[in-house]
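A.B. asks: here is the input, now give the coordinates:
(one chain, ligands or ions: 2)
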Amino acid sequence: MLKKLKDLLFPEKCLSCGRIVRATPICMDCFDELMEAIEQKCTVCGKSVNDCECIKLKGIKMHFIPFWYKGKTLRRAVYRLKIQNSRSNTLFFASVLNSDIRIRLGEIEPKDLFDVITYVPRSRDQKNKYGVDQSELLAKELSILMEVPCEQLLVRVGGKQQKSLHSLARIENVKGSFVPCPRAAEYKRVLLVDDIITTGATVTRCTEMLKMAGVKTVSVAAIAKTLF
Ligand SMILES: [Zn+2]
Ligand SMILES: [Zn+2]
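C.D. replies: Ligands and ions are numbered 1, 2, ... in the order given. So this is what the prediction gives:
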């Protein structure tokens, strides 16, 4: 009851700083900082975020990454995405990704280029802790906006039960492993959704697994990547 009253009195908070906003999910100050995170050029190659290939994404056909992972606005918003199930927050990032993808594809409809959208699944420990899998939520919103079906095609293996193993390196390795679901074999062209690209190792590994299952091409959509 109290929560309902609160929602009524305070309509919407900026998904980054928490300030009350009325029209958009983000306040103008945070919006300006986000725009900087789009326009910045890579400090190594001088290219824009979508053209920079300083992070090697091996075997990936196309990549759609609208933001550099910099600035407190984006970091706060992504953090919120990871710890709470907020539709307006997820929808904001899904909409940005959808626009980025559609601008890059031009006349081509996403559904003519991708058979399915899937995502890098969060570890079970993390999902249980926060109650959300941010990449799954993002992929599902993107699926609606792009009119491409969404399906889980990867399972993260390892985690808690492996902790009894003595080799630390091996534990780390297993933690980040993925196996494809049998259904992956039914799709040729996959769009893989992740939240942040840090080294590219995770999406590269997921791509390998999907291809091993029979997928022909994998493209990647992520909110942001590390700025060198
Ligand atoms: Zn704000
Ligand atoms: Zn670069």
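A.B. asks: and the protein, which residues reach ligand 2?
C.D. replies: With CB under 5 Å from the ion as the criterion, the chain meets ligand 2 at residues 42, 44-45, 52, 54. For glycine as for every other residue, the C-beta is placed from the backbone atoms N, C-alpha and C.
A.B. asks: could you measure from S219 over to C30?
C.D. replies: Applying CB to CB, to the nearest Å, the value for S219 to C30 is 29 Å.
A.B. asks: higher neighbour count, these two?
C.D. replies: Set S219 next to C30 and count neighbours by other CB atoms under 10 Å: C30 wins out with 24 against 19.
A.B. asks: mind telling me what element that one is part of?
C.D. replies: helix 28-39 (DSSP states H and E).
A.B. asks: sheet-wise, list the partners of whichever helix or strand comes after that helix with their directions.
C.D. replies: Next along the chain after helix 28-39, taking DSSP H and E as the criterion, comes strand 63-64. Here strand 63-64 is paired, per DSSP bridges, with strand 217-225 (parallel).
A.B. asks: how far off helix 28-39 does the strand it pairs with point, in degrees?
C.D. replies: With axes from the mean of the first three to the mean of the last three CA atoms, to 10 degrees as the basis, strand 217-225 and helix 28-39 are set at 130 degrees to each other.
A.B. asks: distance between strand 217-225 and the chain's centre?
C.D. replies: 7 Å (CA atoms, centre = their mean, to the nearest Å).
A.B. asks: quick one: average pLDDT of it?
C.D. replies: Per-residue pLDDT over strand 217-225 has a mean of 97.
A.B. asks: for stretch 99-117, same thing?
C.D. replies: 96.
A.B. asks: now swap in stretch 135-147 and tell me
C.D. replies: The average pLDDT within stretch 135-147 is 97.
A.B. asks: ok, which stretches of this structure are strands?
C.D. replies: Using DSSP state E, the strands found in the chain span residues 12-13, 20-21, 63-64, 67-68, 116-119, 154-157, 177-180, 189-197, 217-225.
A.B. asks: the second one packs against which elements?
C.D. replies: Read it as strand 20-21. With contacts taken as 3 or more CB pairs under 8 Å, 6 or more residues apart in numbering; DSSP states H and E, strand 20-21 sits against strand 12-13.
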